[in-house]
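Build the 3D model from these lines:
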Amino acid sequence: MERVTHHGRDTAYRISDRGGDGPTVCFVHGSGGSKDIWKAQARVSDRFPVVALDLSGHGDSDDVDAPAGRDALAEYANDVVAVAEATGATVLCGNSLGGAVALWVAMERDLSLDGIVLAGTGAKLTVAEPLRTALATDFDRAIELLHEPDRLFHDAPPEYAELSRAGMRACGRAVTERDFRTCHAFDVRDRLDEVAVPSLAVVGEHDALTPVDYHDYLAERIEDCERATIEGAAHLAMLERPEAFNAALTAFCSRIDPAA
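Numbering: from 1, shown residues only. Prediction:
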């Protein structure tokens, strides 16, 4: 594990590089998550180096004092830019909240990018009122709501769901609620024409949290954006169907850099 210091805090990240000469990809997890959701993506590091970070307050990274919404989003973007600059990453791949952060970096920050991958995310990320209420009052209930069928998972082994629940509990209620409230405030539907790099919108076919039509919208409104569907998966397609997800990612990186 590596660390980069920026804005008075440390952000933790993990690198996997098995000699790939394609563009370095920086993976950004979603609400209540950590870099561990991207473990299966290390398999593609013979094609291109991969980096997975913990956003502030998650995993092994220091927390930041920022309220939910634009302030938290901006600080999470600072985390991503710091890691990307430290590792030379030029492709961002974000899931859910991480996709919002990737879009924000592409639109708001002066970071040289070759592409972005928007996985299980959207230009607007409304969070249902029952989940927002549970996050504020009954964290165990919130965790169970997220693990209902076709939310985080479609048909994953039971141990995946248990690991996911444990990861959210480790992240804690306060940070997880901040994440989801930041998602709820996120809306860049009128700014997608500002995304000036090739993009891929990739979605699990059963994803009820950020459905297929969210990704159709991204593909229609971003000038150079493809859409890919991962069959047999829901929101965490990179965990549930890693081979298909990695194939879509590799095809995209090969398109933007034939050396990949």
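
C-alpha from now on. contacts and neighbour counts both.
Noted.

and the residue nearest to Ala142 when sequence neighbours are not counted, what helix or strand is that in?
With C-alpha to C-alpha, 6 or more residues apart in numbering as the criterion, Ala142 has its nearest non-adjacent residue at 4.9 Å, and that residue is Ala134. Using DSSP states H and E, Ala134 sits within helix 129-137.

right, and Leu200 touches Ile222 too?
No: between Leu200 and Ile222 there is no contact under C-alpha atoms under 8 Å: 9.6 Å.

When those two are compared, which one has more neighbours?
Using other C-alpha atoms under 10 Å as the criterion, Leu200 and Ile222 rank with Leu200 on top: 24 against 20.

Wait, a helix at that one?
No: read with DSSP: H, G, I helix; E, B strand; the rest coil, Leu200 is strand and lies in no helix.

In terms of pLDDT, where does it sit?
Per-residue confidence (pLDDT) for Leu200: 98.

show me the residues around it that make contact.
Ile116, Val117, Leu118, Ala219, Cys225, Glu226, Arg227, Ala228, Phe252 (C-alpha atoms under 8 Å, 6 or more residues apart in numbering).

Swap in 7 Å and give it another go.
Ile116, Val117, Leu118, Cys225, Glu226, Arg227, Phe252 (C-alpha atoms under 7 Å, 6 or more residues apart in numbering).

Return the distance of it relative to Pro242.
16 Å (C-alpha to C-alpha, to the nearest Å).

Phi, psi for Leu53 please.
phi -110, psi 160 (degrees, to the nearest 10).

where along the stretch 51-200 of the chain do the strands fall?
91-95, 115-119, 199-204 (DSSP state E, counting those that start in this stretch).

Put together TSV for those, with distance to His7 on each row.
Below are those laid out as TSV (distance: least, C-alpha to C-alpha, whole Å):
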stretch	distance to His7
strand 91-95	21
strand 115-119	24
strand 199-204	29
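
What strands flank the longest strand anywhere in the chain, and is each parallel or antiparallel?
Ranked by number of residues, the top strand in the chain under DSSP state E is strand 9-16. The sheet places strand 9-16 alongside strand 2-6 (antiparallel), strand 50-53 (antiparallel), with pairing taken from DSSP bridges.

Could you identify which of the ones you listed is most buried?
With neighbours taken as mean count of other C-alpha atoms under 10 Å, the strands paired with strand 9-16 reach their highest mean count in strand 50-53, at a mean of 28.

now that strand, how far from the chain's geometric center?
11 Å (C-alpha atoms, centre = their mean, to the nearest Å).

cool, and stretch 214-234?
Offset of stretch 214-234 from its chain centre (C-alpha atoms, centre = their mean): 14 Å.

Same question for it: list its buried residues.
For stretch 214-234, a neighbour-count test (16 or more other C-alpha atoms under 10 Å) marks 214-219, 221-234 as buried.
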